[in-house]
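[1] this one's structure only:
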């Protein structure tokens, strides 16, 4: 699956049909608190809109279906999905400084296709869909926008929803379920999934977990060590980003093709021989490149982990992600082989705290969670093995694409995504001259370290200049 900024998406023209949700029930209140990430996200999005800054607090997905889409079958597929998953019929709204929860009985939801027009220009079509995503995801409720671009030979399904109710795993679930439901509605297969757990139960567990923690809780030991290392606070990126404050600047996004599918498997085998997994090898490469650029042999970074800790939670749609503190020190005169085991130990320790909410840890340890050096959008490094998602082998043939909007950044965040055919490294960073100059040099060195391990040889040449565009990129 690739990721593309919507401004650079190139959908072929066609007839646009939206699948609109309707209900004859008024929303009713629920008393489940929003998760920490939902609270931070929804409040930041509201503040950005109030200040007139560009903000795209949504995530979106597009993929192809063969032929001219059958509208009744696709409407039936969407209706089944939104009724099954709580993320599409529960939400939060600002209320006197707090967030109030609401829900609609799922059985009352119906979905109807509504034709919105024929487009003969890619630019006009893209502008229309971008406007509709911004409008719909900013409305009351989860704000789902679902539709299809119908053509005679291939149709493109698209969907967007506020990030507060969806993450990369959820988008992968959506890709698989809509296609399965559509085939069943067309009569070619059967599809009868079990009821799926909802994200509100996850919010309840997080709330109880947060309430159980104190500054003296042993579960916060990794956080205490992480925040006390070096000068305290959060680590700087290894190169100058041209933003020394917590100021949110317009963001740029870059893609670095790291390894082919065969090279990725060879890299994983190399890591296994040296006491770690693919993620440990990648973090070790990041640390080695950091040492070359800065001389610092302590690698500190927040890394994203899923809070779907049990198999029964895998079908849950929602934003079920936490950031945990990864910290390890490179051995003296390190090589990648020597660093992998150390990185693996640090990664395992960090992941063990998957259920210690980031915001609660900062609140307990950093005087309310706000000290200089702690940004409003914390930078992080994410690793996702996308090969395990249902339907992932069809991403290429279906042109499955995660769509993102124009956004902001104060630091640099990395996403390393491993798919069947490749491993990609994606970075979001402030759109500054300094970042555009330094970040590609650092990440090119990371790639070279990984490629050397995968291929058993050193590459004397760098990738051609990475195109500085907010375009094809890969994600969870």
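    Thanks, I have the structure now. The model shown is predicted, which means the values in this text are computed figures rather than measured ones.
[2] rounded mean pLDDT for the longest helix seen in the chain, please.
    Looking across the chain with DSSP state H, the single longest helix is helix 433-455. Summarised as a single mean, pLDDT over helix 433-455 is 96.
[3] distance between that helix and the chain's centre?
    Counting by C-alpha atoms, centre = their mean, to the nearest Å, helix 433-455 is centred 22 Å from the centre of its parent chain.
[4] other SSEs contacting it?
    strand 249-260, helix 261-273, helix 278-294, helix 336-352, strand 422-430 (3 or more C-beta pairs under 8 Å, 6 or more residues apart in numbering; DSSP states H and E). The C-beta positions use only the backbone N, C-alpha and C, and glycine is treated the same way.
[5] next, the buried residues of it.
    435-436, 438-440, 442-454 (16 or more other C-beta atoms under 10 Å).
[6] same question for stretch 382-391.
    382-386, 389, 391.
[7] end to end, how far does it reach?
    Its start and end residues considered, stretch 382-391 measures 21 Å (C-alpha to C-alpha, to the nearest Å).
[8] so what's residue 419 up against?
    The contact partners of residue 419, by C-beta atoms under 8 Å, 6 or more residues apart in numbering, come to 1, 261, 386-387, 392, 395, 474.
[9] of those, buried ones?
    Members of the contacts of residue 419 classed as buried by 16+ other C-beta under 10 Å are 1, 386, 392, 395, 474.
[10] will you turn those into TSV that also has pLDDT?
    Converted to TSV, the buried ones among the contacts of residue 419 look like this (pLDDT from 0 to 100):
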residue	pLDDT
1	88
386	94
392	95
395	96
474	29
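[11] from the residues you listed, pick the one nearest residue 279.
    residue 386 (12.9 Å; C-beta to C-beta).
[12] do I have it right that that closest one meets residue 400?
    No. Under the criterion of C-beta atoms under 8 Å, residue 386 is not in contact with residue 400, lying 10.2 Å apart.
[13] residues shared between the contacts of the two?
    In contact with both residue 386 and residue 400: residue 1, using C-beta under 8 Å, 6+ apart.
[14] now do the helices in the chain.
    Going by DSSP H, the chain shows helices at 36-50, 71-84, 122-137, 168-185, 199-212, 221-228, 261-273, 278-294, 336-352, 358-365, 433-455.
[15] what's the first one packed up against?
    Using 3+ C-beta pairs under 8 Å, 6+ apart, the elements in contact with helix 36-50 are strand 90-95, strand 98-103, helix 199-212, helix 358-365.
[16] show me what contacts residue 237?
    379, 411-412, 429, 439.
[17] ok, back up a step: please produce a markdown table containing the helices and strands packed on helix 433-455, extended by distance to residue 322 and mean pLDDT.
    Below are the helices and strands packed on helix 433-455 laid out as a markdown table (distance: least, C-beta to C-beta, whole Å; pLDDT from 0 to 100):
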| stretch | distance to residue 322 | mean pLDDT |
| --- | --- | --- |
| strand 249-260 | 22 | 91 |
| helix 261-273 | 24 | 97 |
| helix 278-294 | 16 | 97 |
| helix 336-352 | 10 | 97 |
| strand 422-430 | 19 | 93 |
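[18] among these, which comes closest to residue 201?
    Per C-beta to C-beta, nearest to residue 201 of the helices and strands packed on helix 433-455: helix 336-352, 21.7 Å.
[19] where does that closest one sit relative to the chain's centre, distance-wise?
    Counting by C-alpha atoms, centre = their mean, helix 336-352 comes out at 23 Å from the chain centroid.
[20] and the angle for it with helix 261-273?
    If you take axes from the mean of the first three to the mean of the last three C-alpha atoms, to 10 degrees, helix 336-352 sits at 80 degrees to helix 261-273.
[21] in TSV: the helices and strands packed on helix 433-455, plus distance to residue 54.
    Below are those laid out as TSV (distance: least, C-beta to C-beta, whole Å):
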stretch	distance to residue 54
strand 249-260	7
helix 261-273	35
helix 278-294	29
helix 336-352	33
strand 422-430	14
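[22] so which of these is nearest residue 214?
    helix 336-352 (18.6 Å).
[23] what about the nearest residue to residue 152 once chain neighbours are set aside, how many neighbours?
    Using C-beta to C-beta, 6 or more residues apart in numbering and skipping residues adjacent in sequence, the residue nearest residue 152 is residue 68, 5.4 Å away. Neighbourhood size, residue 68 [other C-beta atoms under 10 Å]: 15.
[24] residue 68 contacts residue 149, correct?
    No. Under the criterion of C-beta under 8 Å, residue 68 is not in contact with residue 149, lying 10.7 Å apart.
[25] next, show the common contact partners of these two.
    residue 155.
[26] tell me which of the helices and strands packed on helix 433-455 lies nearest to residue 239.
    helix 278-294 (6.3 Å).
[27] what's the angle from that closest one to helix 433-455?
    130 degrees.
[28] report the buried residues of helix 278-294.
    278-291.
[29] let's have these in TSV, adding distance to residue 76.
    Below are these laid out as TSV (distance: C-beta to C-beta, whole Å):
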residue	distance to residue 76
278	39
279	39
280	45
281	45
282	42
283	44
284	48
285	47
286	46
287	50
288	52
289	50
290	51
291	56
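[30] now do the contacts for residue 200.
    When the contact criterion is C-beta under 8 Å, 6+ apart, the partners of residue 200 are 30, 32, 86, 90, 101.
[31] I misspoke; the intended subject was residue 322.
    37, 304-305, 307, 354-358.
[32] next one: it from residue 309, what distance?
    10 Å (C-beta to C-beta, to the nearest Å).
[33] who touches both of the two?
    In contact with both residue 322 and residue 309: 354-355, using C-beta under 8 Å, 6+ apart.
[34] grab the nearest non-local neighbour of residue 421.
    Nearest to residue 421 is residue 261, by C-beta to C-beta, 6+ apart, at 4.6 Å.
[35] what lies in contact with stretch 111-128?
    So stretch 111-128 is contacted by 6-7, 9-22, 71-72, 74-76, 78-79, 82, 146-147, 149 (C-beta under 8 Å, 6+ apart).
[36] now the end-to-end length of that stretch.
    21 Å.
[37] for that stretch, buried residues please.
    111, 113, 119, 125-126.
[38] break the chain down into its domains, please.
    Residue ranges for the domains of the chain, per automatic domain parsing: 2-201, 216-455.
[39] with distance to residue 210 as added columns, please give the ones you listed in a markdown table.
    Converted to a markdown table, these look like this (distance: least, C-beta to C-beta, whole Å):
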| stretch | distance to residue 210 |
| --- | --- |
| domain 2-201 | 7 |
| domain 216-455 | 4 |
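[40] identify the residue nearest residue 281 in space, chain neighbours excluded?
    residue 271 (3.8 Å).
[41] ok, the one you found - how many residues close by?
    With other C-beta under 10 Å as criterion, residue 271 counts 26.
[42] quick check, it in contact with residue 283.
    No. Residue 271 is beyond contact range of residue 283, at 10.4 Å (criterion: C-beta under 8 Å).
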